[in-house]
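[1] could you look at this predicted model? Sequence included:
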Amino acid sequence: MASRPVPTINPTVYAVERYATEGVISRRFWAYLIDLVVISFWFLLVCLALVVLGPLTLGLTWVVLAVGLPIAGLTFVIYNAITIGGSAQATVGMRAMGLRVVDPHTAAPVSMLAAAVHALLFYVAVSTFLLWAGDVLIGFARDDRRFARDLLTGMMVIRI
């Protein structure tokens, strides 16, 4: 299986792409904070609904709540897969910050599977500070501002 070369941006040929990646790292930070608020809001609404429906279902929804809390982390992965892999090519936070995710070779939308793997890699990296710091440092060192997880999943975050 042949691996694709990592694209580099030649400023004389791809001036638009070079502009499109300026300021992306700080925008990604703010977009992530917005996404945390959005996901937390929906998650709290679901939990509240399950708690309120508990007496009406004779406690069955409380069982769902007890089983569902440990796998709640999948909410973030599913959210990213649906929003980044969808037609908008961005999460709610990314849209608010003027970002979208594209394939760096074709500028086409990425698949939902790639978006889910990208989110999973992010949450694994965030769980250990050294992995996360290495991921972000790679982004600061590269001209195209792609993090390690972007390189692994074949994605590029650009400004729109």
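    Sure thing, it's come through.

[2] remind me which residues of this structure are low pLDDT?
    For the chain, residues meeting the criterion pLDDT under 70 lie at 1-18, 70.

[3] mind doing that once more with 50?
    Residue ranges of the chain with pLDDT under 50: 11-16.

[4] and the longest helix for it?
    Ranked by residue count under DSSP state H, the longest helix found in the chain is helix 24-53.

[5] so what does that one touch, helix or strand wise?
    When contacts are defined as 3 or more C-beta pairs under 8 Å, 6 or more residues apart in numbering; DSSP states H and E, helix 24-53 packs onto helix 60-68, helix 74-84, helix 92-96, strand 99-102, helix 129-141, strand 156-159. Where C-beta positions appear, they are placed from N, C-alpha and C, glycine not excepted.

[6] can you rerun that using 6 Å?
    Counting contacts by 3 or more C-beta pairs under 6 Å, 6 or more residues apart in numbering; DSSP states H and E, helix 24-53 is packed against helix 60-68, helix 92-96.

[7] run the angle between the longest one and helix 24-53 for me.
    Pointing back at helix 60-68 there. With axes from the mean of the first three to the mean of the last three C-alpha atoms, to 10 degrees applied, the angle from helix 60-68 to helix 24-53 works out at 150 degrees.

[8] kind regards, and thank you for your time.
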